[in-house]
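S.K.: Model the following, please.
(3 chains)
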Amino acid sequence: MIDFKKELNPAQYEAAMTLEGPVLCIAGAGSGKTRTIVYRLANMVEQGVPAYEILLLTFTRKASQEMLHRAETLLGRGIGAVSGGTFHAFAYSVLRQHPPAGRENGLSIMDAADAAEALKYCKDLLGAGKGDKSFPKTATVMGMLSKSRNKERDIGDILQREAFHLAAYRNDIEAIAQSYAAYKQEHGLLDYDDLLFELEHLLSTRADLLEFYRQRFRYIMVDEYQDTNLVQSRLVQLLAGGHRNVMAVGDDAQSIYAFRGANVQNILQFPNMFPGTKLIKLEENYRSVQPVLNLTNAILEDAPAAFHKSLFTSRTGGSLPQLVKPLSDLTQANLVVNKIAELRSLYQPGEIAVLFRAGYQSYHVEMQLGKAGIPFRKYGGLKYSDAAHVKDVMSYVRLMLNPLDLPAFQRLAANVKGIGPKTGLKIYEASRMQNVAELDKALKKYPNFRKDLELVDTLRRQRLQPAEVLEEVLEHYRPRLMALYPDDYPRREHGLDQLVQIAATYRELDLFVSDLSLEDPNPEAAQAENHITLSTVHSAKGLEWDAVLIIDLVEERFPSKQALQKAEDLEEERRLMYVACTRAREYLGLFVPSSIYSRGGGGNEPASPSPFVRDLPVHLYEEWKENYTGGLARREYPQQRTMRLGSCAPQAPDAAMPASAATAMQKRSTFADAASASGMQTDEDGIPFATADDCIPKPASPSPRRLGFCTHKIFGRGKLVQHVPPDKYRVNFPGFGLKVIMEAYLQMED
DNA sequence: TATCGATCCCGCTCT
DNA sequence: GGGATCGATA
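M.R.: Purely as a prediction, here's the structure:
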């Protein structure tokens, strides 16, 4: 028997023991959220709830697997067939049994790369933006489209709000969107968003099925609820609407997926969606030592938080987080690796992580780790299943399952010398229309492609296990692999062997294919015991390490430069910074390079510290600066800097420092407020903050108007310096330096 | 007319 | 390092 009362704190205990009725569990970072879910699962099993009546929706499949595994360990026995995974995987598992109208003969899931390809195809087909250099790129159009669907607003609305400068292309973008939708329908394809909407459609039009699934899943838990979007919340409502045994777990302060349509309002509205919701807050932090917690609390202090939390820890000791200022991002890599070498005497490699905003930022660190012989695993950034050879091999398999899958067909066709998109399409049409004469003619010309199609036909006739299918495809593909990648073909072949290993864990081919599209398997990362971790902050969500190093904490990188124009985007970056720092249990290192290598500037360009670092009270960290000789020197601060902002008043280091609720309510300060408050601030050497632009002499160009002053939502009032055709201005903002801003975001003064 | 190769520009996060 | 674009080639 598990002694729940002894092993959980009162709030956790209540959450784990309340099985009936709606529960909203607001779980601060490190507050034992996973533990609570695990114990709740165990409790359900002990109470005799059959495993197949439980649905556990999580953000990644890995997260749900780990929770189930831990629950089994706790119980000392298997708990059987709990349904667990992401919303998307759940949607697919239902839809494959009840395919939408017109999709009965095959239902392929498009991953992001497939979708982009299809969109480009539609764009070219329409000839949209041909010859227009400022027409948005495929990736941009895709982003707008996805936002429109995820936020359930029409495209014009999204353009208006998110990309005003593209508003003129509204009609073109809408036409592309329509063409893309038709393309998917015609070729039996579903993208990520379709999965959710099709499931909603199914459940809301088929009362019998809805009733079936309500009976089937009598207990539902949804993790990371703050990152669900509108349709996901409606799915929860549909599924739990009968019995109402549903627990949502999340933390509004850790919402980092608004860019993808996640809606923080969902978690705030949950009690309205399920009246009578029991609200439980987990506020004790078990993860981080006090100095780390003090710093993370300070990051959040300026942010408006709807469910106010005051995190406190019982963990004693720990040293101050370190703020390290390398001379450049190149030397940053050295310093990071040196620090890791040092940390390795204290921590296991698996307990050390380097985090960053975007995948490409870890490049130098990866190089230096390689040189130093320190093994690492990288999460986020490039995907395993994005690799060209993996996509090639999977195209055979996808074509087996869905003969209409044009992207897969085109991909195989394009690998044959002499076949491009047009010829590929011609052959596809001939084959689909059963135009034997033309098909035969074309295939005579390209015998290699005939072999490809014959292989697919042969495989389709047999009934092989997924791994066997892959073996067959691999044997066929190997010569082409060698021809296509003569230089690094062994590495790629190794990757394909891993693909077979993954396939071996499946019995159903379509589940293997869909899982691969829905979630990156990253086989390299699977056994990471002896490796340190490199990860994007997004991929680090829900994880923790003894030692965490965050790199590139400079303006335009973290926060990312595209988040500077809207206050709400900047708030999301702040939460992202919060998520990053709260991953650390004991050591937290913040790396702020003074310059960033850039090709455009022909070398290093100076960089300003990230506002998230700049705004931290100095007593919360110790600062180290790199000397020109390569060493690090501790920096002492003059006293007055500690008193800079009201919100940053020094506190006793051992105080639990919960920001009082009153303060937080009054201080719903946006970044704009914070920015103007620190508007005249200078850097510690007395030099006003400058952006890279300052250092590049710009020729004075004729301007269409007399330059005066303007106002920007975030940077405040600034002086117009130069018109940057067609629609931008270079503006000097006191305290922020020169920025190039779209005219649409500037309020001009006459 | 379609494909292929060289060059330029620009770089986010993910199911 | 990859996508878009443009000019050379079959």
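
S.K.: which residues sit in contact with the closest residue to A:I155 other than its chain neighbours?
M.R.: Of all residues not flanking A:I155 in the chain, A:S148 sits nearest, at 4.8 Å (CB to CB, 6 or more residues apart in numbering). Using the backbone N, CA and C atoms, a C-beta is placed for each residue, glycine as well. Contact partners of A:S148, counting by CB atoms under 8 Å, 6 or more residues apart in numbering, are A:D154, A:I155, A:D157, A:I158, A:A177.

S.K.: What subset of those is buried?
M.R.: Using 16 or more other CB atoms under 10 Å as the burial test, the contacts of A:S148 include A:I155, A:I158, A:A177 as buried.

S.K.: Quick check: buried residues in the longest helix anywhere in chain A?
M.R.: Longest helix in chain A by number of residues, with DSSP state H as the criterion: helix A:466-484. By 16+ other CB under 10 Å, the buried positions in helix A:466-484 come out as A:P466, A:A467, A:E468, A:V469, A:L470, A:E472, A:V473, A:L474, A:H476, A:Y477, A:R480, A:L481.

S.K.: In chain A, which residue sits furthest out from the middle?
M.R.: Going by CA atoms, centre = their mean, the residue of chain A most distant from its centre is A:A437, 48.5 Å out.

S.K.: A:E605 is in what secondary structure piece?
M.R.: Element membership for A:E605 (DSSP states H and E) is strand A:603-606.

S.K.: buried ones in the helix or strand that that strand is followed by?
M.R.: Using DSSP H and E, the helix or strand that follows strand A:603-606 towards the C-terminus is helix A:611-614. Under the neighbour-count criterion of 16+ other CB under 10 Å, helix A:611-614 has A:P611, A:F612, A:V613, A:R614 buried.

S.K.: Is any residue of helix A:611-614 near DNA strand B?
M.R.: No: counting by CB under 7 Å from any atom of the strand, DNA strand B has no neighbours in helix A:611-614; the shortest distance is 14.5 Å.

S.K.: Which parts of the stretch 51-200 of chain A are strands?
M.R.: Using DSSP state E, counting those that start in this stretch, the strands of the stretch 51-200 of chain A run over A:54-57, A:83-85, A:108-109, A:189-190.

S.K.: Packing partners of the first one?
M.R.: In this case it means strand A:54-57. helix A:33-46, helix A:61-75, strand A:83-85, helix A:87-95, strand A:219-222 (3 or more CB pairs under 8 Å, 6 or more residues apart in numbering; DSSP states H and E).

S.K.: Send me the fourth one as CSV with only the CA atoms.
M.R.: Right, helix A:87-95. As requested, the backbone C-alpha atoms of helix A:87-95 are provided in CSV (Å, rounded to 0.1, in the frame of the first residue of the first chain):
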residue,chain,number,x,y,z
PHE,A,87,-3.7,15.3,-28.5
HIS,A,88,-2.5,14.8,-32.1
ALA,A,89,-1.6,11.1,-31.6
PHE,A,90,-4.9,10.5,-29.8
ALA,A,91,-6.7,12.2,-32.7
TYR,A,92,-5.0,10.0,-35.2
SER,A,93,-5.8,6.8,-33.3
VAL,A,94,-9.5,7.7,-33.3
LEU,A,95,-9.6,9.0,-36.9
